[in-house]
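> mind folding the following:
(one chain, ligands or ions: 2)
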Amino acid sequence: MAITVTWLGHSAYSLQIGAHRVLIDPFLTGNPLAPLKADAAEADFILISHGHGDHVGDAPAIARRTGATVVANNEIGIWLRSKHGLEQVHGINPGGGVRLPFGRVELTIAHHSSSLPDGSYGGQPNGILIKTEAGPKIYHAGDTAVFLEMQLIGDEGIDLAMLPIGDYFTMGIDGSLKAIKLLRPKVVLPMHYNTFDLIRADVSQWAQRVQAETDTRPVVLQPGESFSL
Ligand code: NI
Ligand code: MN
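Ligands and ions are numbered 1, 2, ... in the order given. Next up is the predicted model:
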C-alpha cells in the first residue's frame, strides 16, 4: 500500500494511504503557506490534534462538504457534533484509538493548550499516531513541547514523524532535536514554522543539526510537496 504525505503548510498534511485520503489539522483558510483552498480539499478522514484555530482550521467545512469521518479528542468531537452538526465523528482520548480502513489511529499526549475558536473548552491537546494497515507508523506531534514519554512513542518504531520547530507556541529547534532523540523516527518532517513572523525558523540549520546530531533523516518539503514512504 503506497503512502504519500503532502505538506499543506503549518501543521496541515494530506496523506494518501492506499485508496484513502486523510487530512491532518487542515488549516487552509488564513494559512499563507497553504497550496490549496479549503473548498478544493478532498478527504475521507480528518484527524485533529487540538482545538486551536490553526489546527481545527477548515475541518468542519471540509467534513460537511466531503462527508469525511473526523477523529479528535472527546471534547472537540462533542463540539463538532453539537456546533457543526457533524455525525461521523470519533471523539477519543490518549491511550485509546480507533480502527479505520487504513489502520489504527491513536491520540498521544502533548504539552500545550486546546481552546476552540469560539472559546469552547477543547479538552487536552494531543499528538496523533497512525499505525497503518500496511505497516508504517506515522506520528504527528501536534503543538507540543518535548516530553519524556516520546520515548514510549519511539518504542513503537516510528517511520515518519512530523514535529513543530517554530518556537514561541511550541518547541523550537533545540526542543525538536531532543524530541528526535527520544522518538528515533526514520524520517522527520518539520512543521509549524514560517507561517507567521512569530514562528520564523532557520529550517536549513535545523536540517543540518538533525543530520549531524541524530540518526534520523530530515526531509524539508515546500508547501504542496510530497514525501512517499
Ligand atoms: Ni496550538
Ligand atoms: Mn498551532
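> what about the strands in the chain?
Secondary structure of the chain (DSSP state E): strands located at 3-7, 13-17, 20-24, 45-47, 69-73, 89-92, 97-100, 103-109, 126-132, 137-140, 160-164, 187-191, 217-218, 226-228.
> would you mind giving these as a markdown table with mean pLDDT and mean neighbour count added?
C-beta coordinates here come from the backbone N, C-alpha and C atoms, glycine included. Output for these, formatted as a markdown table (pLDDT from 0 to 100; neighbours: other Cβ atoms under 10 Å):
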| stretch | mean pLDDT | mean neighbour count |
| --- | --- | --- |
| strand 3-7 | 98 | 20 |
| strand 13-17 | 98 | 22 |
| strand 20-24 | 98 | 24 |
| strand 45-47 | 99 | 27 |
| strand 69-73 | 98 | 25 |
| strand 89-92 | 98 | 19 |
| strand 97-100 | 98 | 16 |
| strand 103-109 | 98 | 22 |
| strand 126-132 | 98 | 24 |
| strand 137-140 | 98 | 24 |
| strand 160-164 | 99 | 27 |
| strand 187-191 | 99 | 23 |
| strand 217-218 | 98 | 16 |
| strand 226-228 | 98 | 13 |
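> those strands: which one's closest to Q211?
strand 217-218 (6.4 Å; Cβ to Cβ).
> run through who's touching the closest one.
The contact list for strand 217-218 (Cβ atoms under 8 Å, 6 or more residues apart in numbering) reads 186-190, 206-207, 210-211.
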